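Chemist: Quick one: sequence and predicted model below, then my questions.
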Amino acid sequence: MAGPAKPGLLYKRVLLKISGEALMGSREFGLEPQTVNRVAEEVKQVAEMGVECCLVIGGGNIFRGIAGASQGMQRASADYMGMLATVMNALAMQNALEQAGVQTRVQSAISMQSICEPYIRRRAIRHLEKGRVVIFAAGTGNPYFTTDTAAALRASEMGCEALLKGTKVDGVYSADPKLDPKAERYETLTHHEVLSRDLKVMDASAISLARESRIPIIVFSIHTHGMMAEVLQGGGRCTVIGEQLKKGAA
């Protein structure tokens, strides 16, 4: 169980959203155990700081629903397959966290009680209050909605104070920095600016829901050791997205 929150924390309860691709490491498909364990260590570090932490993990490293639909598969069926991929990733992360000594629960929006709990909001909140990490799997449980939208939805339902987006880069850029060396990196943005500039941070419905719920989105590199803990204390290299919100200000 996590102890009392350490002084200097900007947020007491957060949701971390990472893509399935972030767990592939150097592979082209599936999971790289070393990468999964390293992400688990990042989560463990913030949990030990007293942060109540929940996660949503994408499934693109195994199956991406929209890709299946583009190849002729019926969209709803393809999306359900993608949801099952997120359950696989959630179970892998649960295993890594528990091996690291962190009590973890997986809750799925699609009932599969032999392997994880069904999603029940009040039970999830109670797990967080007890210092357990909760991983939300199977997206929203509905086709046509991404795991980005699921992350914003669960962050709103859990009363999270921030939504952390762990990516391969250290913030939001005007273009892909790997393809455009002149791409501008932003320190702060509003939700409206992200939508109006069509910045590819999260899908529009997720950004809109976060804005409506007044939840800041913090984009940082999940591959930089200790960065998650740093941004929760107002430091680190990241982009903060929020209405009239400045980096380092709660």
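Modeler: Everything's here; your move.
Chemist: what does the helix or strand bottoming out on mean pLDDT in the chain contact?
Modeler: Taking mean pLDDT, DSSP states H and E as the measure, the helix or strand of the chain with the lowest value is helix 65-70, at a mean of 75. Under the contact criterion Cβ atoms under 8 Å, 6 or more residues apart in numbering, helix 65-70 has outside partners 75, 77, 78, 79, 80, 81, 82, 83, 143. C-beta coordinates here come from the backbone N, C-alpha and C atoms, glycine included.
Chemist: Which two among those are spaced furthest apart?
Modeler: Checking those against each other with Cβ to Cβ, the farthest-apart pair comes out as 75 and 83, at 12.7 Å.
Chemist: Compare neighbour counts for these two and give me the winner.
Modeler: Between residue 75 and residue 83, counted using other Cβ atoms under 10 Å, the more crowded position is residue 83 (24 against 14).
Chemist: In the least confident helix or strand of the chain, which residues are buried?
Modeler: Residues of helix 65-70 classed as buried by neighbour count (16 or more other Cβ atoms under 10 Å): 65, 68, 69.
Chemist: Redo those as TSV? Include distance to residue 116.
Modeler: Conversion of the buried residues of helix 65-70 to TSV gives the following (distance: Cβ to Cβ, whole Å):
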residue	distance to residue 116
65	20
68	23
69	26
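Chemist: coming back round to it: and the contacts of helix 65-70, which of them are buried?
Modeler: When burial is judged by neighbour count using 16+ other Cβ under 10 Å, the buried members of the contacts of helix 65-70 are 78, 79, 80, 81, 82, 83, 143.
Chemist: so the fourth one is in which element?
Modeler: When you say that, I think you mean residue 81. Take DSSP states H and E as the rule and residue 81 turns out to sit in helix 75-99.
Chemist: C-alpha coordinates for the helix or strand following that helix, CSV please?
Modeler: From helix 75-99 onward toward the C-terminus, using DSSP H and E, the following helix or strand is strand 104-108. What follows is strand 104-108, C-alpha atoms only, in CSV (Å, rounded to 0.1, in the frame of the first residue of the first chain):
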residue,chain,number,x,y,z
THR,A,104,-2.5,-4.1,-8.9
ARG,A,105,-6.0,-4.8,-10.2
VAL,A,106,-7.2,-5.1,-13.8
GLN,A,107,-10.8,-4.1,-14.6
SER,A,108,-12.2,-4.8,-18.0
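Chemist: which other residues reach strand 104-108?
Modeler: Contact with strand 104-108 is made by 87, 90-91, 93-94, 97-98, 115-120, 123-124, 127, 132-138, as judged by Cβ under 8 Å, 6+ apart.
Chemist: for the very next helix or strand once past that strand, packing partners?
Modeler: Tracing the chain past strand 104-108, the next element assigned as helix or strand by DSSP H and E is strand 117-118. Packed against strand 117-118, as judged by 3 or more Cβ pairs under 8 Å, 6 or more residues apart in numbering; DSSP states H and E, are the following elements: strand 104-108.
Chemist: how about 10 Å then?
Modeler: With contacts defined as 3 or more Cβ pairs under 10 Å, 6 or more residues apart in numbering; DSSP states H and E, the secondary structure elements packing on strand 117-118 are strand 104-108, helix 121-129.
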